[in-house]
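> sharing a model that was predicted from the sequence below.
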Amino acid sequence: MQRAVPVTDGLDSWLRAGTPPVYIGFGSMTVPGGAALLDELVAAVRRAGRRVLLVGGWDDRLLRENAPGSSEFGHDVLSVSAVDHTAVLPQCEAVVHHGGAGSTAAGLRAGRPTLVCHVGADQPLWGRRVVASRVGASVAARSVSSASLDAALTRVLHPRTRSAAERLADSLVSPTDAVRRCADLVEAAAQRRRAPLHPTASRTETSR
């Protein structure tokens, strides 16, 4: 997950200055292709006519030393090292990330359509869940192309997808309740492991 940092005056001003941007960030992942993949994602979002909030995360290759309006990007792209998902994602139109469990939950809790560019581990699973829930699209980060990104973003930015994401957000349990339920499941599993053997089995063992 992206580490929480205050919403700076510069970020807040940029968010308020135009239409809601599309968030792009890969958190703690080392991204295949590094900055080249990020550049391709930024270009695809700009082709869709949207502003871009580019979050560098833990991969130093993804960081940009630019301010809005720099020669590298332009006023429609802002690059920052990290953001507070809870504060910032509700101000975005959609989110693009690697499909980690934390990032996926943060985007869906914010009611935002999601494009998962999965790298590995459990990320393809969360990408499939996003697609099955009709709240976004999923592509493999290693095989993205201009055509695949354009098609995926067309789905993600469709009003029907936005409506589905908002409905899903309303149905999700709160983080506090989710933690409590998870703890209950772990404790129940532990209790089962500590339960004594079936009485028949115990008598059999004793008679030997």
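Yep, it's here.
> elements contacting the longest helix anywhere in the chain?
Counting by DSSP state H, the longest helix found in the chain is helix 175-194. Taking 3 or more C-beta pairs under 8 Å, 6 or more residues apart in numbering; DSSP states H and E as contact, there are no helices or strands that helix 175-194 lies on. Just so you know, the C-beta spots here come from the backbone N, C-alpha and C atoms, and that holds for glycine as well.
> is it true that residue 28 lies in a helix?
No - residue state for residue 28 (DSSP: H, G, I helix; E, B strand; the rest coil) corresponds to coil; a helix is not indicated.
> sorry, back to before: what does the longest helix of the chain contact?
109, 173 (C-beta atoms under 8 Å, 6 or more residues apart in numbering).
> ranges for the helices of this protein?
Counting by DSSP H, the chain has helices at residues 9-16, 35-47, 85-88, 101-109, 123-132, 146-156, 159-171, 175-194, 199-207.
> so which of those is nearest residue 28?
Minimum separation from residue 28 across those (C-beta to C-beta) falls at helix 101-109, 9.4 Å.
> buried stuff in that closest one?
By neighbour count on 16 or more other C-beta atoms under 10 Å, the buried set for helix 101-109 is 103, 104, 105, 106, 107, 108, 109.
> okay, now the unreliable bits of this protein?
Using pLDDT under 70 as the threshold, the predicted model of the chain has low-confidence ranges 1-7, 9, 57-74, 195-208.
> leaving out sequence neighbours, find the closest residue to residue 114.
Counting by C-beta to C-beta, 6 or more residues apart in numbering, residue 136 is the residue found nearest to residue 114 once chain neighbours are left out, at 3.7 Å.
> ok, the one you found touching residue 160?
No - with contact taken as C-beta atoms under 8 Å, residue 136 and residue 160 are classed as non-touching, separated by 11.4 Å.
> of these two, who's got more company?
Neighbours were counted for residue 136 and for residue 160 using other C-beta atoms under 10 Å; residue 136 has more, 30 against 10.
> give the contact list for the more buried one.
Residue 136 sits next to 94, 113, 114, 115, 116, 130, 155, 156, 161, 165 when contact means C-beta under 8 Å, 6+ apart.
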